[in-house]
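*Asks:* Predicted structure and sequence below. I'll ask about it afterward.
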Amino acid sequence: MRKILVIGAAGQIGSELVPALREKYGNDNVIATGRKTPLPEIITENGPVIYLDTLEKDLLSKALFEYDINTIFHMASVLSATGEKMPQTAWNININGLINVLEAGRRYNIDRIIWPSSIAAFGPTTPRENTPNTTTLQPTTMYGITKVSGELLIEYYFKKYKLDTRSMRLPGIVSSETLPGGGTTDYAVEIFYEAIKNKHYTCFLKEDTVLPMMYMPDCNKCMIDLLEADVYKLKRHVYNITGFSFSAGELAAEIKKHIPEFTIEYKPDYRQEIADSWPKSIDDSLAREEWGWNPNYDLEKMTEDMIEKLSKRL
């Protein structure tokens, strides 16, 4: 029986991952943690919730002991755009928090730790088309630097302490449930809210900016699939993952099929430079070969589902 601790349950991924995990493993077996951001009702009303700051080692150790945790999803992170505004904070939370989780995992014999990396680990020197799993990692943001450092750390803890650590380099995540949290790909969520409410959106990226993306249901699937993958089939600890790639203009055109009166203008800001340093498309063939990764959504299917869900709510 898995007893799962989800650190960072209030974030864009954590807030939807927790219900998905509870559906599979049982409400009482998935403990959600929060720090400052309020957790959604679907989390607080359907299972255990505790306060946890990964920078406070004693609180982390107490949670692992009291709830008999054997699996950790460490989702807490300062994202790319926010990280450029406060790089020292990003390093402190993203790296020192991860080290604390890894150390606690080692001491308490945690069975498995899932920690997401990001396409932000890549940089201008990385091939931008069909980016391979093994390639140059020279990011230009503090967020990216913390992701590369984190990848090295989880490899180190496996080799030195045999701690089962697993990671995926996530692309931009599009969610119908949670508002953006300071990432460069946030436009792909904001655009739906503005299209439905105001029929207009001002995009902070150029029209032809192409980035890899993934719809949140596929992200949940990816997390659970990697968690359950047979350790003997995994030949590495960090995997490229993607759903599909599209430009800001292509997404706008797809939205217009459902909302014909929607208009968009493009006013690139500092986030454009970050986006230009990231890949346009990702080669995730190793994840497909080694643990059967296969997304369910494409641009058309995602857009239809997003508009249907948000229209009912807004």
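*Replies:* Yep, it's here. Residues are numbered from 1 along each chain as shown.
*Asks:* gap between the two ends of stretch 42-59?
*Replies:* Length of stretch 42-59, first residue to last, Cα to Cα, to the nearest Å: 24 Å.
*Asks:* Now do the helices in this protein.
*Replies:* Here the chain has its helices, by DSSP state H, at 14-25, 41-44, 57-66, 80-85, 87-91, 97-107, 142-161, 187-197, 216-228, 248-256, 271-276, 285-291, 299-313.
*Asks:* Going by neighbour count, which residues in the last one are buried?
*Replies:* In this case it means helix 299-313. Buried residues in helix 299-313, counted by 16 or more other Cβ atoms under 10 Å: 299, 302-303, 305-307, 310. Glycine gets a C-beta too; all of them are placed from N, C-alpha and C.
*Asks:* Quick check, pLDDT for the residue with the largest distance to the centre of the chain.
*Replies:* The C-alpha centroid of the chain is most remote from E261, which lies 31.9 Å away (Cα atoms, centre = their mean). Note for E261: predicted pLDDT of 98.
*Asks:* now P180
*Replies:* In this prediction, P180 has a pLDDT value of 69.
*Asks:* And for the one 3 residues further on?
*Replies:* According to the prediction, G183 has pLDDT 85.
*Asks:* Tell me which of the helices of the chain lies nearest to I4.
*Replies:* helix 14-25 (5.8 Å; Cβ to Cβ).
*Asks:* contacting residues around that closest one?
*Replies:* Contacts with helix 14-25, where a contact means Cβ atoms under 8 Å, 6 or more residues apart in numbering, come from 1-2, 4, 6-9, 29-30, 32, 39-40, 42-43, 46-47, 73, 75-76, 175, 177-178, 216, 219-220, 223-224.
*Asks:* do the same with stretch 125-143
*Replies:* So stretch 125-143 is contacted by 77-80, 83-84, 87, 90-91, 94, 118-124, 145, 147-148, 151, 236, 238-240, 273-274, 277-286 (Cβ under 8 Å, 6+ apart).
*Asks:* For PyMOL, what selects the buried ones among these?
*Replies:* For the buried members of those, the matching PyMOL selection, counting by 16+ other Cβ under 10 Å, is:
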select buried, resi 77+78+79+80+83+84+87+90+91+94+118+119+120+121+122+123+145+147+148+151+238+239+240+274+277+278+279+280+281+282+283+284+286
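*Asks:* so who does the residue farthest from the centre of the chain touch?
*Replies:* Here E261 is in contact with K199 (Cβ under 8 Å, 6+ apart).
*Asks:* again, but for A252
*Replies:* Here A252 is in contact with 191, 201, 203, 207, 262, 264 (criterion: Cβ under 8 Å, 6+ apart).
*Asks:* so what's the second one closest to, chain neighbours aside?
*Replies:* When you say that, I think you mean Y201. Sequence neighbours aside, E194 is the residue nearest to Y201 in space, at 4.0 Å (criterion: Cβ to Cβ, 6 or more residues apart in numbering).
*Asks:* Now do the same for A90: its pLDDT.
*Replies:* 97.
*Asks:* residues contacting it?
*Replies:* 78, 82-83, 142-143, 146.
*Asks:* and if we set it to 10 Å?
*Replies:* Applying Cβ atoms under 10 Å, 6 or more residues apart in numbering, we find A90 in contact with 77-80, 82-84, 141-143, 145-146, 182.
*Asks:* Could you do F192 as well?
*Replies:* 174-176, 201, 251, 255, 258-259, 302-303, 306-307, 309-311, 314.
*Asks:* so how far is K199 from it?
*Replies:* Distance from F192 to K199, counting by Cβ to Cβ, to the nearest Å: 12 Å.
*Asks:* Mutual contacts of the two, please.
*Replies:* Contacts common to F192 and K199, judged by Cβ under 10 Å, 6+ apart, are I259.
*Asks:* I154 and F262: what is the separation?
*Replies:* Taking Cβ to Cβ as the measure, I154 falls 42 Å from F262.
*Asks:* before we move on, what about N70?
*Replies:* Distance from N70 to F262, by Cβ to Cβ: 47 Å.
*Asks:* ditto for I191
*Replies:* Counting by Cβ to Cβ, the gap from I191 to F262 is 9 Å.
*Asks:* hang on, the earlier thing: okay, I154 and F262: which has more neighbours?
*Replies:* A side-by-side neighbour count of I154 and F262, using other Cβ atoms under 10 Å, places I154 first with 24 against 19.
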